Each structure stands twice: as C-alpha cells, then as structure tokens.
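> Could you look at this predicted model? Sequence included:
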Amino acid sequence: MFNKKKNDALLASIRNGNVLSQRDKINLVLGLSLPSILAQITTVLMFYIDTAMVGALGAKESAGVGLIQAPMWLYSGITVASAMGFSVQVAHFIGAGDFQKARNVARHGLVATLLLSLFVCIIGLLISGKLPFWLGGKADIAPDATAYFFIYTLALPFLQLGVLSTNLLKATGNMLIPSIINVGMCVLDIVFNYVFIFQLHLGVAGAALGTLFAIVVASSSEAFIAFFRSPILAVKHSTERFKWQFNYIRHALKLGSPMALQYVLMTSAQIVSTIIVSPLGNFAIAAHTFALAAESLCYMPGYGIGDAATTLVGQSYGASQYSLCRSFAYISLALGMITMGLMGFIMYIFAPEMIGFMSPVAEIRELGVQSLRIVAFVETMFAASIVGNSICIGAGDTFKPALINLLSMWGVRLTLAAFLAPAYGLKGVWIAMAIELFVRGSIFLWRLTCGNWMKLAPKTAS
C-alpha cells in the first residue's frame with residue numbers, strides 16, 4: 001500500500017491506459033494520502049507549536065499574533081492558488097505522457113509565482129504598521145502584531161517557492177519528499193523558536209524569525225529536489241530549449257484566478273470574522289486563535305487526502321480515463337469523511353488538553369474548549385467540502401467550487417456570526433461556523449454525485 005515503487009507503477013498504468021482493480025485504486029489513494037497527511041499535520045504542528053510558545057508569553061502577546069492570522073492565511077491562499085494554476089497543468093500533461101510540456105509548465109510557474117510573491121511581499125511590508133488597527137486591534141497588542149506580520153511577510157517569496165515545489169512534486173505522484181521536508185521544517189521551527197524566544201528573549205518577533213528561517217531552509221531544499229532531482233521535472237531531462245509561452249500563463253490564470261479570488265474573499269471573510277470577535281476582548285481573540293489552531297489538527301488529514309485526490313483525478317483526467325477519474329473521486333471522498341469524522345470525535349474528547357497545551361490562562365481555555373466541541377460535530381461535512389473541492393481542482397473545474405465556498409462563507413457564516421456574536425459571544429461565532437460547514441459540505445456532496453463537475457472541466461493548454 002505504501003510502497004513508492006508500486007505506487008509509481010500504478011501511476012504509470014494510468015498514463016498507459018491500463019485497467020486498475022478496485023483494490024489497486026484504494027491502495028493508490030491510501031498510498032498517496034498517508035505521506036501527504038503527514039506533511040499537512042506537521043505544517044499545522046509548526047503553527048500549533050508557534051502558538052503554544054507565544055501563549056507562554058501571556059494573553060496580550062497571544063492576542064497580538066492571533067489578530068493578524070487571517071492576513072497570513074491570505075498569504076498562504078495566494079501562494080496555493082498561483083501554484084495550483086501550474087501544478088494542475090503539470091498533472092494533466094503527466095497523465096497524457098508528455099513530460100516535456102510538464103517541465104515547461106513547471107519552469108513558467110517558477111518565474112511567474114516568484115514575481116507575484118515579491119509584489120505581494122512589498123505590499124505587506126508597506127501596510128504592516130497600520131494593519132493591526134484596521135483589524136480592530138488596540139494599542140496594547142498592535143506592536144507585537146506588526147512585528148510578527150512584518151517578519152512573516154519577508155518569508156513570502158520563500159513560502160511561495162516551497163508551495164510551488166510541493167505542488168509540482170505532488171503532481172508527479174511524489175508525496176514522500178514534501179512530507180519529509182515538512183517534518184524537517186517543523187523540527188527546525190521548534191529549535192529556532194526556542195533560541196529566538198527563550199534564549200535571545202525576542203518575544204513575538206522571535207517566533208516570527210523562527211518561522212522565517214525554517215521556511216527558508218525547507219523551501220530551498222524542496223525547490224532543489226523539484227527542479228534538479230525529480231525524474232520527471234528536473235531541468236536536465238529537458239530535450240528542447242526553454243521558450244516563454246503565454247498560453248501556459250493564460251491557462252494558469254484561467255485555473256488559478258477563481259481559486260485566488262476564492263482565497264482572497266475567504267480570507268477577507270476570516271478578517272471580518274476577526275473584526276466580529278475583536279470587541280469581545282483579548283481573551284476571546286486568543287481563544288478563537290487557539291481553537292482554530294487546534295481544530296486544524298483535525299481537518300488537515302482532509303487536506304492530505306485532498307492532495308492525493310487532486311493528483312489522481314488530475315492524472316486520470318489528463319489520460320482521458322474519465323471512469324477512473326470518477327472512481328478516484330468517490331474513494332477519496334469516502335476516505336476523507338471517515339477520517340475526519342473520527343478526528344472530530346477525538347477532538348471533542350481531548351479538547352481540554354488541546355487548548356491547555358497552548359495557554360495556561362483559565363478564561364482562554366474555557367472559551368477554546370467550548371469552541372472546539374461545537375465544531376467537532378460537523379467535521380465529517382467539512383471533509384466533504386475539503387476533498388470535494390480538491391477533486392474538482394484536479395479535473396480543472398475551479399470556478400463553481402470557488403463560488404460555492406464564497407457564497408457559503410459570506411452568505412451563511414458571517415451573516416450568522418454577526419447576528420449571534422452580540423448575544424452569545426464567541427460561542428455564537430462558532431455556532432455560525434458549524435452551521436456553515438454543514439451547509440457547504442452538503443452542497444459539495446450534491447455537486448460530486450449529481451453535478452457535471454468533470455464534463456465542464458477545461459482542457460489543458462497545449
């Protein structure tokens with residue numbers, strides 16, 4: 001099941017048009033999901049440990065970092081959307097057996113995404129001083145929020161490089177290397193944070209510096225493997241001179257623009273959510289941040305399975321094996337819902353320990369535990385939306401899933417949160433979140449079982 005050579009052989013079978021047994025399909029989904037789940041979880045652990053280390057400094061410092069989490073998620077969303085515009089094309093070309101075009105797309109992606117990340121980085125640096133006040137923060141937490149955001153912004157080009165390299169390797173079916181590197185990044189983050197926060201006494205700025213250096217080392221390593229060591233994507237395998245072709249950029253924009261708009265508006269919704277929570281006080285801001293970090297440990301397996309689904313659906317679609325494409329979609333969806341349902345059950349039971357690890361403050365712990373136990377009941381439906389979205393992306397269908405996510409977030413979650421927060425506080429915000437996740441998951445289930453997500457997917461640029 002987890003044999004890389006066997007997985008590579010099964011992926012080659014997809015490209016060659018061979019028939020796969022049901023057992024082979026399940027083994028391939030599991031074999032690609034496991035390392036990707038590990039990579040996702042270690043990424044979250046890095047944030048989880050960051051949050052815990054900052055939490056040890058006090059409620060004010062925790063609130064300062066928590067205040068600017070939503071704009072940082074926007075950064076991550078932009079890097080993922082821009083990388084996906086190219087990695088989906090790479091998966092389709094690999095599925096079609098055209099490795100040369102896959103390498104050309106990868107190199108176009110390297111140039112285009114790094115230019116984009118530099119542009120966004122400059123904007124972030126310019127607004128870092130005013131951002132905490134725009135988000136409703138008070139003067140007591142603004143300096144820490146500004147320092148963390150400014151330093152994290154400097155890491156953006158490296159973050160983009162790492163995300164692109166990760167997605168390119170996953171598009172080839174290599175989930176193992178990104179997983180190993182993410183584990184290494186988590187370890188480095190712990191070491192750097194300990195040195196900067198507790199040995200050099202740099203506080204919140206030290207936490208940001210630790211993350212910065214961990215991202216630089218991990219991203220550089222991953223890019224080296226993707227562009228110089230990959231059996232499919234390495235530059236040395238190219239048989240023709242590199243020429244700039246705008247059709248790859250246009251198709252990346254066609255695929256990535258709905259996703260980018262989705263991430264911008266979804267993160268804007270998170271920012272609005274932060275603004276809704278801010279008047280509830282520093283305890284509520286910190287508890288909201290900690291609960292989001294703890295919950296992410298529950299839903300990251302869904303994103304790991306989603307990564308596998310994007311690769312398998314993408315390569316099957318590129319190979320014109322549409323029946324196999326649909327089969328991989330249903331297997332991945334079922335695995336994601338079962339896994340996250342189990343994780344939700346575990347999260348409900350161990351909520352006090354999960355929040356207690358990050359903060360010793362009783363008020364924060366009480367609010368955080370309450371929030372986690374509210375959302376634990378809808379993790380199965382959250383999985384339907386996560387994996388369902390990844391399946392559609394693999395087939396190149398990005399517009400309607402983005403529309404579903406946006407309408408659900410803005411029309412359901414924020415509307416309910418704004419209505420419930422004044423009366424029920426942070427509890428009302430998380431009830432709104434739970435209702436929205438159930439609605440969104442239901443819509444994705446309907447689309448995958450009754451919709452024409454695969455027939456409408458655009459063909460890859462030639």
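Yep, that arrived. Residues are numbered from 1 along each chain as shown.

> Thr79 is in contact with Ser117, isn't it?
Yes - if you go by Cβ atoms under 8 Å, Thr79 and Ser117 touch, sitting 6.7 Å apart. From N, CA and C alone the C-beta is placed, and that goes for glycine too.

> between those two, what contacts are shared?
Leu156, Leu159, Gln160 (Cβ atoms under 8 Å, 6 or more residues apart in numbering).

> Thr172: which of these is nearest?
Gln160 (19.2 Å; Cβ to Cβ).

> model confidence over the helix or strand that contains the closest one, on average?
Taking DSSP states H and E as the definition, Gln160 sits inside helix 156-171. Mean pLDDT, computed over helix 156-171, is 92.

> quick revisit: using a markdown table, lay out the shared contacts of Thr79 and Ser117 together with distance to Lys236 and neighbour count.
Formatted as a markdown table, the shared contacts of Thr79 and Ser117 follow (distance: Cβ to Cβ, whole Å; neighbours: other Cβ atoms under 10 Å):
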| residue | distance to Lys236 | neighbour count |
| --- | --- | --- |
| Leu156 | 29 | 26 |
| Leu159 | 26 | 25 |
| Gln160 | 24 | 27 |
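
> so what's Asn193 closest to, chain neighbours aside?
Counting by Cβ to Cβ, 6 or more residues apart in numbering, Gly210 is the residue found nearest to Asn193 once chain neighbours are left out, at 3.6 Å.

> residues touching that neighbour, list them.
With Cβ under 8 Å, 6+ apart, Gly210 has these contacts: Asp50, Asp189, Val191, Phe192, Asn193, Tyr194, Val195, Phe196, Ile197.

> looking at those, which has the most residues close by?
For the contacts of Gly210, counting by other Cβ atoms under 10 Å, the largest number of neighbours falls to Asp189: 27 neighbours.

> Would you check that that residue makes contact with Leu212?
No - Asp189 is beyond contact range of Leu212, at 9.7 Å (criterion: Cβ under 8 Å).

> overlap in contacts of the two?
Common neighbours of Asp189 and Leu212, counting by Cβ under 8 Å, 6+ apart, are absent.

> Tell me how far the helix or strand where Gln40 lies lies from the chain's centre.
Gln40 is part of helix 22-55 when elements are defined by DSSP H and E. Distance, stretch centre to chain centre, for helix 22-55: 11 Å (Cα atoms, centre = their mean, to the nearest Å).

> got it, and stretch 397-409?
Computed by Cα atoms, centre = their mean, the separation of stretch 397-409 from the middle of its chain amounts to 16 Å.

> Just the pLDDT for Phe150.
95.

> That one - nearest residue in space that isn't next to it in sequence?
Distances taken as Cβ to Cβ, 6+ apart put Ser128 closest to Phe150, at 4.2 Å, once the chain neighbours are dropped.

> Just give me the neighbour total for the one you found.
Neighbours around Ser128, by other Cβ under 10 Å: 20.

> I'd guessed Arg447 sits against Asn389; true?
No - using Cβ under 8 Å, Arg447 is not in contact with Asn389; the gap is 9.8 Å.
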